[in-house]
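Colleague: missing the sequence, but the structure's below:
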(Lines give C-alpha, C1' and ligand atoms only; values in the text may rest on other atoms or scores of the structure.)
Protein backbone atom coordinates (compact mmCIF):
# COMPACT_ATOMS: atom_id res chain seq x y z
CA UNK A 1 0.00 0.00 0.00
CA UNK A 2 1.33 3.38 -0.92
CA UNK A 3 1.31 5.81 1.96
CA UNK A 4 -0.71 8.96 1.43
CA UNK A 5 1.60 11.93 1.88
CA UNK A 6 -0.03 15.23 2.76
CA UNK A 7 1.73 18.31 1.52
CA UNK A 8 1.71 22.07 1.98
CA UNK A 9 3.17 25.05 0.19
CA UNK A 10 4.12 28.23 2.03
CA UNK A 11 3.95 31.70 0.55
CA UNK A 12 5.80 34.49 2.35
CA UNK A 13 4.44 37.85 1.27
CA UNK A 14 6.74 40.71 1.98
CA UNK A 15 8.98 43.28 0.35
CA UNK A 16 10.89 43.44 3.61
CA UNK A 17 12.26 39.92 3.16
CA UNK A 18 13.20 40.48 -0.50
CA UNK A 19 14.98 43.74 0.32
CA UNK A 20 17.09 42.00 2.94
CA UNK A 21 15.85 44.37 5.64
CA UNK A 22 14.31 41.54 7.63
CA UNK A 23 15.52 37.99 8.08
CA UNK A 24 12.57 35.61 7.69
CA UNK A 25 11.73 33.86 10.94
CA UNK A 26 8.52 32.12 9.89
CA UNK A 27 9.69 29.30 7.61
CA UNK A 28 11.42 27.13 10.21
CA UNK A 29 8.64 27.18 12.87
CA UNK A 30 5.91 26.67 10.28
CA UNK A 31 7.86 23.77 8.72
CA UNK A 32 8.33 22.18 12.13
CA UNK A 33 4.68 22.64 13.05
CA UNK A 34 3.51 21.20 9.73
CA UNK A 35 5.63 18.13 10.27
CA UNK A 36 4.03 17.59 13.66
CA UNK A 37 0.65 17.63 11.90
CA UNK A 38 1.93 14.97 9.48
CA UNK A 39 2.10 17.44 6.60
CA UNK A 40 5.19 17.86 4.47
CA UNK A 41 6.30 21.34 3.39
CA UNK A 42 7.27 20.91 -0.28
CA UNK A 43 7.98 24.46 -1.36
CA UNK A 44 8.35 27.98 -0.05
CA UNK A 45 8.06 31.10 -2.17
CA UNK A 46 8.75 34.68 -1.18
CA UNK A 47 7.06 37.30 -3.34
CA UNK A 48 6.66 41.09 -3.10
CA UNK A 49 3.51 42.92 -1.97
CA UNK A 50 2.18 42.96 -5.54
CA UNK A 51 -1.24 41.62 -6.48
CA UNK A 52 -0.30 39.78 -9.70
CA UNK A 53 2.74 38.15 -8.11
CA UNK A 54 0.78 36.92 -5.09
CA UNK A 55 -2.09 35.60 -7.22
CA UNK A 56 0.28 33.69 -9.52
CA UNK A 57 2.16 32.10 -6.62
CA UNK A 58 -1.05 31.21 -4.76
CA UNK A 59 -2.46 29.42 -7.76
CA UNK A 60 0.78 27.56 -8.50
CA UNK A 61 1.28 26.40 -4.91
CA UNK A 62 -2.31 25.40 -4.21
CA UNK A 63 -2.49 23.38 -7.44
CA UNK A 64 0.43 21.25 -6.27
CA UNK A 65 -0.32 20.84 -2.58
CA UNK A 66 -3.07 19.78 -0.19
CA UNK A 67 -2.70 22.99 1.79
CA UNK A 68 -1.36 26.46 1.30
CA UNK A 69 -0.17 28.73 4.09
CA UNK A 70 0.64 32.40 3.67
CA UNK A 71 2.33 34.85 6.02
CA UNK A 72 2.13 38.61 5.90
CA UNK A 73 -0.06 41.26 4.40
CA UNK A 74 -3.15 40.88 6.61
CA UNK A 75 -2.70 44.08 8.62
CA UNK A 76 -4.52 47.40 8.32
CA UNK A 77 -2.24 49.36 5.97
CA UNK A 78 -2.25 49.98 2.22
CA UNK A 79 0.50 47.38 1.60
CA UNK A 80 -1.66 44.64 3.19
CA UNK A 81 -3.30 43.07 0.14
CA UNK A 82 -3.22 39.35 0.90
CA UNK A 83 -6.99 39.02 1.46
CA UNK A 84 -7.73 40.68 -1.88
CA UNK A 85 -5.15 38.52 -3.64
CA UNK A 86 -6.52 35.27 -2.20
CA UNK A 87 -10.05 36.33 -3.13
CA UNK A 88 -8.94 37.08 -6.68
CA UNK A 89 -6.96 33.83 -6.97
CA UNK A 90 -9.94 31.78 -5.80
CA UNK A 91 -12.55 33.75 -7.73
CA UNK A 92 -14.62 35.03 -4.81
CA UNK A 93 -15.42 38.47 -3.49
CA UNK A 94 -14.26 40.10 -0.26
CA UNK A 95 -16.61 40.55 2.70
CA UNK A 96 -16.42 41.80 6.26
CA UNK A 97 -16.60 38.86 8.66
CA UNK A 98 -19.09 39.72 11.43
CA UNK A 99 -17.16 37.86 14.13
CA UNK A 100 -13.89 39.50 13.13
CA UNK A 101 -15.61 42.86 13.16
CA UNK A 102 -16.99 42.20 16.64
CA UNK A 103 -13.58 41.04 17.90
CA UNK A 104 -11.88 44.14 16.54
CA UNK A 105 -14.56 46.41 17.99
CA UNK A 106 -14.11 44.80 21.40
CA UNK A 107 -10.32 44.96 21.17
CA UNK A 108 -10.24 48.63 20.16
CA UNK A 109 -13.08 49.71 22.48
CA UNK A 110 -10.60 51.21 24.93
CA UNK A 111 -7.79 51.69 22.43
CA UNK A 112 -9.21 54.59 20.42
CA UNK A 113 -12.16 52.81 18.83
CA UNK A 114 -12.68 51.14 15.51
CA UNK A 115 -11.62 52.97 12.34
CA UNK A 116 -11.86 52.22 8.65
CA UNK A 117 -8.22 51.15 8.58
CA UNK A 118 -8.73 48.78 11.51
CA UNK A 119 -11.87 47.39 9.89
CA UNK A 120 -9.64 46.31 6.99
CA UNK A 121 -8.48 43.54 9.31
CA UNK A 122 -12.04 42.13 9.41
CA UNK A 123 -12.11 41.66 5.63
CA UNK A 124 -11.96 38.03 4.42
CA UNK A 125 -12.42 36.21 1.12
CA UNK A 126 -16.15 35.46 0.91
CA UNK A 127 -17.04 32.30 2.84
CA UNK A 128 -13.82 32.16 4.85
CA UNK A 129 -13.64 31.38 8.57
CA UNK A 130 -11.37 32.85 11.24
CA UNK A 131 -8.25 31.53 12.93
CA UNK A 132 -8.15 32.85 16.46
CA UNK A 133 -5.43 35.06 17.78
CA UNK A 134 -5.64 35.95 21.45
CA UNK A 135 -2.79 38.44 21.06
CA UNK A 136 -3.95 41.30 18.88
CA UNK A 137 -7.61 40.90 17.97
CA UNK A 138 -6.65 40.65 14.28
CA UNK A 139 -7.56 37.10 13.26
CA UNK A 140 -5.90 34.75 10.83
CA UNK A 141 -8.14 33.40 8.09
CA UNK A 142 -9.00 29.95 6.77
CA UNK A 143 -10.37 29.91 3.24
CA UNK A 144 -10.86 26.29 2.16
CA UNK A 145 -7.40 24.77 2.23
CA UNK A 146 -5.67 28.14 2.33
CA UNK A 147 -4.54 29.55 5.67
CA UNK A 148 -3.61 33.22 6.00
CA UNK A 149 -1.28 33.87 8.92
CA UNK A 150 0.23 37.07 10.27
CA UNK A 151 3.72 38.13 9.19
CA UNK A 152 4.85 38.86 12.75
CA UNK A 153 6.36 35.55 13.86
CA UNK A 154 4.97 35.31 17.38
CA UNK A 155 1.45 36.09 16.15
CA UNK A 156 1.81 33.53 13.35
CA UNK A 157 2.83 31.00 16.03
CA UNK A 158 -0.29 31.73 18.07
CA UNK A 159 -2.42 31.15 14.99
CA UNK A 160 -0.70 27.81 14.36
CA UNK A 161 -1.33 26.87 17.97
CA UNK A 162 -5.04 27.47 17.40
CA UNK A 163 -4.91 25.28 14.27
CA UNK A 164 -3.06 22.37 15.90
CA UNK A 165 -4.90 19.11 15.49
CA UNK A 166 -7.59 20.57 13.22
CA UNK A 167 -6.04 19.77 9.81
CA UNK A 168 -5.85 16.27 8.42
CA UNK A 169 -2.38 14.88 7.82
CA UNK A 170 -0.48 11.62 7.59
CA UNK A 171 2.42 10.19 9.51
CA UNK A 172 5.04 12.76 10.53
CA UNK A 173 8.45 12.46 8.97
CA UNK A 174 10.69 11.14 11.73
CA UNK A 175 14.34 12.06 11.86
CA UNK A 176 17.54 11.17 13.69
CA UNK A 177 20.82 13.05 13.55
CA UNK A 178 24.34 11.65 13.79
CA UNK A 179 27.46 13.82 13.82
CA UNK A 180 31.07 13.16 12.87
CA UNK A 181 34.13 15.39 12.95
CA UNK A 182 34.92 14.44 9.38
CA UNK A 183 34.88 16.23 6.01
CA UNK A 184 31.67 14.94 4.37
CA UNK A 185 33.64 14.13 1.21
CA UNK A 186 35.41 11.33 3.09
CA UNK A 187 32.20 9.50 3.85
CA UNK A 188 30.19 10.35 0.73
CA UNK A 189 30.29 6.74 -0.51
CA UNK A 190 29.08 5.38 2.82
CA UNK A 191 26.17 7.83 2.91
CA UNK A 192 25.08 7.03 -0.62
CA UNK A 193 25.34 3.27 -0.18
CA UNK A 194 23.51 3.31 3.15
CA UNK A 195 20.65 5.33 1.72
CA UNK A 196 20.37 2.99 -1.24
CA UNK A 197 20.20 -0.01 1.09
CA UNK A 198 17.26 1.36 3.08
CA UNK A 199 14.05 1.93 1.18
CA UNK A 200 11.87 4.71 2.50
CA UNK A 201 14.79 6.49 4.17
CA UNK A 202 16.64 9.63 3.10
CA UNK A 203 20.03 10.72 4.37
CA UNK A 204 21.00 14.37 4.24
CA UNK A 205 24.55 15.58 4.85
CA UNK A 206 25.11 19.00 6.44
CA UNK A 207 28.76 20.03 6.65
CA UNK A 208 30.07 22.84 8.84
CA UNK A 209 33.28 24.51 9.93
CA UNK A 210 33.37 25.12 13.66
CA UNK A 211 35.94 25.48 16.42
CA UNK A 212 38.63 25.38 13.74
CA UNK A 213 37.54 21.94 12.50
CA UNK A 214 35.33 20.59 9.76
CA UNK A 215 32.51 18.21 10.57
CA UNK A 216 29.13 17.15 9.33
CA UNK A 217 25.73 16.17 10.64
CA UNK A 218 23.90 13.38 8.89
CA UNK A 219 20.13 13.51 9.15
CA UNK A 220 18.22 10.30 8.48
CA UNK A 221 14.50 10.70 7.73
CA UNK A 222 11.62 8.28 7.32
CA UNK A 223 7.94 8.07 8.18
CA UNK A 224 8.53 4.50 9.44
CA UNK A 225 10.08 4.13 12.89
CA UNK A 226 11.51 0.63 12.29
CA UNK A 227 13.04 1.52 8.96
CA UNK A 228 14.51 4.67 10.44
CA UNK A 229 16.09 2.77 13.34
CA UNK A 230 17.52 0.13 10.99
CA UNK A 231 19.02 2.76 8.72
CA UNK A 232 20.54 4.68 11.64
CA UNK A 233 22.09 1.51 13.10
CA UNK A 234 23.50 0.54 9.73
CA UNK A 235 24.97 3.99 9.13
CA UNK A 236 26.58 4.07 12.57
CA UNK A 237 28.07 0.62 11.94
CA UNK A 238 29.46 1.57 8.54
CA UNK A 239 30.94 4.83 9.81
CA UNK A 240 32.50 3.12 12.82
CA UNK A 241 33.93 0.36 10.61
CA UNK A 242 35.56 3.11 8.56
CA UNK A 243 37.18 4.51 11.71
CA UNK A 244 34.91 7.47 12.47
CA UNK A 245 33.78 8.42 15.95
CA UNK A 246 30.01 8.93 16.12
CA UNK A 247 28.34 11.71 18.04
CA UNK A 248 24.74 10.74 18.79
CA UNK A 249 22.09 13.39 18.12
CA UNK A 250 24.56 15.44 16.12
CA UNK A 251 27.20 18.03 16.79
CA UNK B 1 12.81 57.66 -19.93
CA UNK B 2 11.90 54.49 -18.16
CA UNK B 3 14.57 53.27 -15.80
CA UNK B 4 15.92 49.80 -16.53
CA UNK B 5 15.42 47.63 -13.46
CA UNK B 6 17.68 44.62 -13.13
CA UNK B 7 16.21 41.68 -11.31
CA UNK B 8 17.27 38.39 -9.79
CA UNK B 9 15.53 35.28 -8.54
CA UNK B 10 16.96 33.17 -5.72
CA UNK B 11 16.53 29.42 -5.42
CA UNK B 12 17.32 27.81 -2.07
CA UNK B 13 17.91 24.10 -2.52
CA UNK B 14 17.60 22.11 0.65
CA UNK B 15 15.46 19.60 2.44
CA UNK B 16 16.92 20.92 5.68
CA UNK B 17 15.09 24.26 5.29
CA UNK B 18 11.78 22.62 4.34
CA UNK B 19 11.94 20.23 7.28
CA UNK B 20 12.44 23.13 9.68
CA UNK B 21 15.72 21.66 10.92
CA UNK B 22 17.68 24.67 9.77
CA UNK B 23 16.67 28.32 9.70
CA UNK B 24 17.69 29.84 6.37
CA UNK B 25 20.40 32.44 6.80
CA UNK B 26 21.19 33.11 3.14
CA UNK B 27 18.21 35.11 1.87
CA UNK B 28 18.82 38.33 3.83
CA UNK B 29 22.57 38.71 3.04
CA UNK B 30 22.07 37.79 -0.63
CA UNK B 31 19.17 40.26 -0.91
CA UNK B 32 21.27 42.99 0.68
CA UNK B 33 24.27 42.23 -1.54
CA UNK B 34 22.10 42.20 -4.68
CA UNK B 35 20.69 45.59 -3.81
CA UNK B 36 24.22 46.99 -3.50
CA UNK B 37 24.86 45.71 -7.03
CA UNK B 38 21.73 47.54 -8.22
CA UNK B 39 19.81 44.31 -8.70
CA UNK B 40 16.38 43.74 -7.24
CA UNK B 41 15.48 40.37 -5.72
CA UNK B 42 11.97 39.66 -7.01
CA UNK B 43 11.34 36.13 -5.79
CA UNK B 44 12.77 33.42 -3.58
CA UNK B 45 11.84 29.77 -3.81
CA UNK B 46 12.84 26.95 -1.51
CA UNK B 47 12.63 23.47 -3.03
CA UNK B 48 13.75 20.00 -1.92
CA UNK B 49 16.84 18.13 -3.16
CA UNK B 50 14.84 16.62 -6.03
CA UNK B 51 15.92 16.92 -9.65
CA UNK B 52 12.52 17.66 -11.22
CA UNK B 53 11.63 20.26 -8.60
CA UNK B 54 14.95 22.09 -9.00
CA UNK B 55 14.76 22.05 -12.81
CA UNK B 56 11.20 23.43 -12.81
CA UNK B 57 12.06 26.23 -10.39
CA UNK B 58 15.29 27.11 -12.25
CA UNK B 59 13.44 27.48 -15.53
CA UNK B 60 10.61 29.50 -14.01
CA UNK B 61 12.90 31.91 -12.18
CA UNK B 62 15.41 32.45 -14.97
CA UNK B 63 12.64 33.14 -17.48
CA UNK B 64 11.42 36.01 -15.33
CA UNK B 65 14.69 37.56 -14.16
CA UNK B 66 18.01 38.87 -15.44
CA UNK B 67 19.91 36.68 -13.02
CA UNK B 68 19.35 33.55 -11.01
CA UNK B 69 21.23 32.66 -7.84
CA UNK B 70 21.07 29.27 -6.16
CA UNK B 71 22.34 28.14 -2.78
CA UNK B 72 23.05 24.60 -1.67
CA UNK B 73 23.66 21.23 -3.24
CA UNK B 74 27.15 21.80 -4.65
CA UNK B 75 29.03 19.63 -2.14
CA UNK B 76 30.47 16.13 -2.55
CA UNK B 77 27.62 13.93 -1.29
CA UNK B 78 24.81 12.06 -3.04
CA UNK B 79 22.24 14.72 -2.13
CA UNK B 80 24.26 17.42 -3.94
CA UNK B 81 22.57 17.51 -7.34
CA UNK B 82 22.45 21.21 -8.18
CA UNK B 83 25.08 21.03 -10.96
CA UNK B 84 23.22 18.22 -12.70
CA UNK B 85 19.91 20.05 -12.32
CA UNK B 86 21.27 23.30 -13.79
CA UNK B 87 22.84 21.36 -16.67
CA UNK B 88 19.53 19.65 -17.35
CA UNK B 89 17.55 22.89 -17.10
CA UNK B 90 19.87 24.66 -19.55
CA UNK B 91 20.27 21.70 -21.90
CA UNK B 92 24.02 21.15 -21.56
CA UNK B 93 26.17 18.29 -20.31
CA UNK B 94 28.27 18.13 -17.16
CA UNK B 95 32.06 18.34 -17.31
CA UNK B 96 34.97 18.44 -14.87
CA UNK B 97 36.42 21.94 -14.82
CA UNK B 98 40.23 21.67 -15.04
CA UNK B 99 40.87 24.67 -12.79
CA UNK B 100 38.43 23.42 -10.18
CA UNK B 101 40.06 20.01 -10.31
CA UNK B 102 43.49 21.57 -9.83
CA UNK B 103 42.25 23.70 -6.92
CA UNK B 104 40.72 20.66 -5.22
CA UNK B 105 43.87 18.58 -5.77
CA UNK B 106 45.98 21.34 -4.22
CA UNK B 107 43.58 21.79 -1.31
CA UNK B 108 43.38 18.07 -0.50
CA UNK B 109 47.10 17.35 -1.14
CA UNK B 110 47.82 17.27 2.59
CA UNK B 111 44.24 16.48 3.65
CA UNK B 112 44.05 12.87 2.51
CA UNK B 113 44.25 13.42 -1.25
CA UNK B 114 41.63 13.71 -3.95
CA UNK B 115 38.85 11.12 -4.13
CA UNK B 116 35.98 10.48 -6.46
CA UNK B 117 33.56 12.11 -4.02
CA UNK B 118 35.73 15.21 -3.73
CA UNK B 119 36.09 15.39 -7.50
CA UNK B 120 32.31 15.76 -7.65
CA UNK B 121 32.93 19.33 -6.48
CA UNK B 122 34.88 20.04 -9.72
CA UNK B 123 31.88 19.15 -11.89
CA UNK B 124 30.19 22.09 -13.66
CA UNK B 125 27.55 22.55 -16.36
CA UNK B 126 29.49 22.48 -19.65
CA UNK B 127 30.97 25.88 -20.46
CA UNK B 128 30.58 27.30 -16.94
CA UNK B 129 33.24 29.36 -15.16
CA UNK B 130 34.23 29.34 -11.50
CA UNK B 131 33.47 31.69 -8.64
CA UNK B 132 36.40 31.73 -6.27
CA UNK B 133 36.22 30.65 -2.69
CA UNK B 134 39.37 31.05 -0.64
CA UNK B 135 37.80 29.13 2.23
CA UNK B 136 37.33 25.55 1.19
CA UNK B 137 38.71 24.93 -2.27
CA UNK B 138 35.23 24.03 -3.52
CA UNK B 139 34.32 26.80 -5.99
CA UNK B 140 31.02 28.43 -6.75
CA UNK B 141 29.94 28.30 -10.38
CA UNK B 142 28.81 30.86 -12.93
CA UNK B 143 26.86 29.42 -15.86
CA UNK B 144 25.66 32.28 -18.05
CA UNK B 145 23.38 34.34 -15.84
CA UNK B 146 23.03 31.58 -13.26
CA UNK B 147 25.21 31.65 -10.15
CA UNK B 148 25.58 28.55 -7.98
CA UNK B 149 26.58 29.40 -4.42
CA UNK B 150 27.32 27.18 -1.43
CA UNK B 151 24.60 26.45 1.10
CA UNK B 152 26.85 27.22 4.09
CA UNK B 153 26.21 30.94 4.68
CA UNK B 154 29.76 32.12 5.34
CA UNK B 155 31.03 30.36 2.21
CA UNK B 156 28.16 31.80 0.16
CA UNK B 157 29.19 35.24 1.46
CA UNK B 158 32.79 34.73 0.32
CA UNK B 159 31.54 33.82 -3.14
CA UNK B 160 29.41 36.97 -3.27
CA UNK B 161 32.44 38.99 -2.22
CA UNK B 162 34.31 37.55 -5.22
CA UNK B 163 31.40 38.50 -7.49
CA UNK B 164 31.05 42.08 -6.22
CA UNK B 165 31.24 44.62 -9.02
CA UNK B 166 31.32 41.98 -11.77
CA UNK B 167 27.60 41.82 -12.58
CA UNK B 168 25.76 44.59 -14.38
CA UNK B 169 22.98 46.28 -12.45
CA UNK B 170 21.07 49.55 -12.24
CA UNK B 171 20.59 52.03 -9.45
CA UNK B 172 20.28 50.51 -5.98
CA UNK B 173 16.97 50.85 -4.21
CA UNK B 174 17.55 53.42 -1.49
CA UNK B 175 15.64 53.28 1.76
CA UNK B 176 14.99 55.28 4.89
CA UNK B 177 13.27 54.09 8.04
CA UNK B 178 11.11 56.08 10.44
CA UNK B 179 9.65 54.67 13.62
CA UNK B 180 6.64 55.59 15.75
CA UNK B 181 5.28 54.10 18.95
CA UNK B 182 1.84 53.87 17.41
CA UNK B 183 -0.43 51.04 16.24
CA UNK B 184 -0.05 51.10 12.46
CA UNK B 185 -3.82 51.08 12.06
CA UNK B 186 -3.92 54.63 13.47
CA UNK B 187 -1.74 56.02 10.69
CA UNK B 188 -2.81 53.78 7.81
CA UNK B 189 -4.50 56.68 5.99
CA UNK B 190 -1.42 58.89 6.30
CA UNK B 191 0.82 56.15 4.92
CA UNK B 192 -1.43 55.46 1.96
CA UNK B 193 -1.93 59.12 1.08
CA UNK B 194 1.77 59.92 1.38
CA UNK B 195 2.74 57.03 -0.89
CA UNK B 196 0.15 58.12 -3.46
CA UNK B 197 1.54 61.67 -3.42
CA UNK B 198 5.10 60.57 -4.21
CA UNK B 199 5.63 58.80 -7.52
CA UNK B 200 8.47 56.32 -7.56
CA UNK B 201 8.36 55.78 -3.80
CA UNK B 202 6.98 52.85 -1.82
CA UNK B 203 6.14 52.89 1.87
CA UNK B 204 6.13 49.66 3.84
CA UNK B 205 4.71 49.40 7.35
CA UNK B 206 6.23 46.90 9.80
CA UNK B 207 4.41 46.67 13.12
CA UNK B 208 5.85 45.10 16.25
CA UNK B 209 5.08 44.50 19.90
CA UNK B 210 8.07 45.25 22.10
CA UNK B 211 8.76 46.33 25.68
CA UNK B 212 5.03 45.96 26.35
CA UNK B 213 4.10 48.52 23.67
CA UNK B 214 3.03 48.40 20.04
CA UNK B 215 4.90 50.38 17.44
CA UNK B 216 5.76 50.32 13.79
CA UNK B 217 8.62 51.10 11.47
CA UNK B 218 7.84 52.73 8.16
CA UNK B 219 10.32 52.02 5.39
CA UNK B 220 10.36 54.40 2.44
CA UNK B 221 12.06 53.12 -0.73
CA UNK B 222 13.02 54.68 -4.05
CA UNK B 223 15.88 54.53 -6.56
CA UNK B 224 15.84 58.34 -6.66
CA UNK B 225 17.54 60.17 -3.79
CA UNK B 226 15.58 63.43 -4.20
CA UNK B 227 12.23 61.71 -4.42
CA UNK B 228 13.08 59.61 -1.40
CA UNK B 229 14.06 62.65 0.67
CA UNK B 230 10.90 64.50 -0.35
CA UNK B 231 8.70 61.54 0.56
CA UNK B 232 10.43 61.08 3.92
CA UNK B 233 10.06 64.78 4.80
CA UNK B 234 6.41 64.74 3.83
CA UNK B 235 5.70 61.62 5.86
CA UNK B 236 7.43 63.05 8.92
CA UNK B 237 5.42 66.25 8.57
CA UNK B 238 2.10 64.45 8.24
CA UNK B 239 2.81 62.15 11.17
CA UNK B 240 3.92 65.07 13.35
CA UNK B 241 0.84 67.09 12.38
CA UNK B 242 -1.25 64.13 13.55
CA UNK B 243 0.52 64.25 16.92
CA UNK B 244 2.98 61.37 16.58
CA UNK B 245 6.57 61.50 17.80
CA UNK B 246 9.04 60.42 15.12
CA UNK B 247 12.04 58.25 15.78
CA UNK B 248 14.61 58.75 13.02
CA UNK B 249 16.16 55.61 11.53
CA UNK B 250 13.47 53.47 13.12
CA UNK B 251 12.88 51.80 16.45
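Modeller: Nice, thanks for sending it over. Worth saying up front: this structure is predicted, and the values here are computed from it rather than measured. Residues are numbered from 1 along each chain as shown, chains lettered A, B, ... in the order given.

Colleague: could you find the closest non-adjacent residue to the closest residue to chain B within the stretch 151-251 of chain A?
Modeller: Taking CB to the nearest CB as the measure, the stretch 151-251 of chain A has residue A:188 as its residue closest to chain B, at 3.4 Å. All C-beta atoms are positioned from the backbone trio N, CA, C, and that covers glycine. The shortest distance from residue A:188 to any non-neighbouring residue, by CB to CB, 6 or more residues apart in numbering or on different chains, is to residue B:117 (3.4 Å).

Colleague: neighbours around the one you found, how many?
Modeller: As a burial measure, residue B:117 scores 22 neighbours (other CB atoms under 10 Å in any protein chain shown).

Colleague: for the helix or strand hosting it, buried residues please.
Modeller: If you go by DSSP states H and E, residue B:117 is part of helix B:116-119. Residues of helix B:116-119 classed as buried under the neighbour-count rule (16 or more other CB atoms under 10 Å in any protein chain shown) are B:117-119.

Colleague: the residue of the stretch 151-251 of chain A closest to chain B contacts residue B:121, correct?
Modeller: No - counting by CB atoms under 8 Å, residue A:188 sits too far from residue B:121 to count as a contact (10.1 Å).

Colleague: these two: which is more packed in?
Modeller: Legend: neighbour count by other CB under 10 Å for residue A:188 and residue B:121, higher for residue B:121 (26 against 22).

Colleague: contacting residues around the closest residue in space to that one that isn't next to it in sequence?
Modeller: Nearest residue to residue B:121, sequence neighbours excluded (CB to CB, 6+ apart): residue B:138, at 4.3 Å. The contact partners of residue B:138, taken as CB atoms under 8 Å, 6 or more residues apart in numbering or on different chains, are B:74-76, B:104, B:121, B:150, B:155.

Colleague: pipe these into TSV and attach pLDDT, secondary structure and distance to residue B:57 per row.
Modeller: As requested, these are exported to TSV (pLDDT from 0 to 100; DSSP: H, G, I helix; E, B strand; the rest coil; distance: CB to CB, whole Å):
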residue	pLDDT	secondary structure	distance to residue B:57
B:74	90	coil	16
B:75	85	coil	19
B:76	86	coil	23
B:104	84	helix	28
B:121	88	helix	22
B:150	93	coil	18
B:155	90	helix	22
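
Colleague: and which of those is nearest to chain A?
Modeller: Using CB to the nearest CB, residue B:76 comes nearest to chain A of these, at 3.8 Å.

Colleague: list phi and psi for that closest one.
Modeller: phi -90, psi 0 (degrees, to the nearest 10).

Colleague: which bits of the stretch 151-251 of chain A sit near chain B?
Modeller: Residues of the stretch 151-251 of chain A lying close to chain B by CB under 8 Å from any CB of the partner chain are A:152, A:154, A:173, A:175, A:183-186, A:188-189, A:191-192, A:195, A:202-209, A:219, A:221.

Colleague: where do the helices sit along the stretch 101-250 of chain A?
Modeller: Counting by DSSP state H, counting those that start in this stretch, the stretch 101-250 of chain A has helices at residues A:116-119, A:153-163, A:188-197, A:225-241.

Colleague: any chance of these in JSON lines, plus distance to residue B:246?
Modeller: As requested, these are exported to JSON lines (distance: least, CB to CB, whole Å):
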{"stretch": "helix A:116-119", "distance to residue B:246": "19"}
{"stretch": "helix A:153-163", "distance to residue B:246": "25"}
{"stretch": "helix A:188-197", "distance to residue B:246": "56"}
{"stretch": "helix A:225-241", "distance to residue B:246": "56"}
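
Colleague: of the ones you listed, which is nearest residue B:17?
Modeller: The closest of the helices of the stretch 101-250 of chain A to residue B:17 is helix A:153-163. By CB to CB, the value is 15.9 Å.

Colleague: which strands and helices sit next to that closest one?
Modeller: Secondary-structure packing of helix A:153-163 (3 or more CB pairs under 8 Å, 6 or more residues apart in numbering or on different chains; DSSP states H and E): helix A:27-36, strand A:129-131, strand A:140-143, strand A:146-149.

Colleague: relative to chain B, which of those is closest?
Modeller: Closest to chain B of the helices and strands packed on helix A:153-163 is helix A:27-36 (CB to the nearest CB; 3.2 Å).

Colleague: in the closest one, what counts as buried?
Modeller: Those buried within helix A:27-36 under the rule 16+ other CB under 10 Å are A:27-31, A:33-35.

Colleague: ok, which of those also contact chain B?
Modeller: Among the buried residues of helix A:27-36, chain B is touched by A:27-31, A:33-35 when using CB under 8 Å from any CB.

Colleague: burial measure for residue A:102, as a count.
Modeller: 11.

Colleague: so how far is the worst-scoring helix or strand of chain A on mean pLDDT off the chain centroid?
Modeller: Counting by mean pLDDT, DSSP states H and E, chain A has its least confident helix or strand at helix A:116-119, which shows a mean of 85. Centre-to-centre, helix A:116-119 and its host chain are 29 Å apart (CA atoms, centre = their mean, to the nearest Å).

Colleague: for that helix, name the packing helices and strands.
Modeller: Identification of packing neighbours for helix A:116-119 by 3+ CB pairs under 8 Å, 6+ apart yields helix A:98-108, helix B:188-197.

Colleague: could you redo the last one with a cut-off of 6 Å?
Modeller: If you count contacts as 3 or more CB pairs under 6 Å, 6 or more residues apart in numbering or on different chains; DSSP states H and E, helix A:116-119 packs onto no helix or strand.

Colleague: the closest residue to residue A:127 other than its chain neighbours - how many residues pack around it?
Modeller: Nearest residue to residue A:127, sequence neighbours excluded (CB to CB, 6+ apart): residue A:92, at 6.3 Å. When neighbours are counted by other CB under 10 Å, residue A:92 registers 16.

Colleague: three-state assignment of residue A:92?
Modeller: In three-state terms, and counting by DSSP: H, G, I helix; E, B strand; the rest coil, residue A:92 is coil.

Colleague: surely it meets residue A:124?
Modeller: No - the pair residue A:92 and residue A:124 fails to qualify as a contact (CB atoms under 6 Å) at a distance of 9.6 Å.

Colleague: what residues are up against the closest residue to residue A:240 other than its chain neighbours?
Modeller: Spatial nearest neighbour of residue A:240, excluding adjacent residues (CB to CB, 6+ apart): residue A:246 at 6.3 Å. By CB atoms under 6 Å, 6 or more residues apart in numbering or on different chains, the contact set of residue A:246 is A:178, A:236, A:239.

Colleague: now a PyMOL select for only the buried ones of those.
Modeller: In PyMOL, a selection of the buried entries from the contacts of residue A:246 looks like this (16+ other CB under 10 Å):
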select buried, chain A and resi 178+236+239
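
Colleague: domain ranges for chain A?
Modeller: What automatic domain parsing lists as the domains of chain A is A:6-163, A:174-248.

Colleague: please identify the most buried of those domains.
Modeller: Here the criterion is mean neighbour count by mean count of other CB atoms under 10 Å in any protein chain shown, and of the domains of chain A the winner is domain A:6-163, at a mean of 20.

Colleague: now the end-to-end length of it.
Modeller: 16 Å (CA to CA, to the nearest Å).

Colleague: same question for stretch A:162-170.
Modeller: OK, stretch A:162-170 end separation, CA to CA: 19 Å.

Colleague: residue contacts, the nearest residue in space to residue A:72 that is not next to it in sequence?
Modeller: Nearest residue to residue A:72 in three dimensions, chain neighbours excluded: residue A:151, at 3.3 Å (CB to CB, 6+ apart). When contacts are counted by CB under 6 Å, 6+ apart, residue A:151 touches A:14, A:71-72.

Colleague: per-residue confidence at residue A:151?
Modeller: Confidence at residue A:151, expressed as pLDDT, is 92.

Colleague: I figured residue A:123 hits residue A:85, correct?
Modeller: No - applying CB under 6 Å, one finds residue A:123 not in contact with residue A:85, separated by 12.0 Å.
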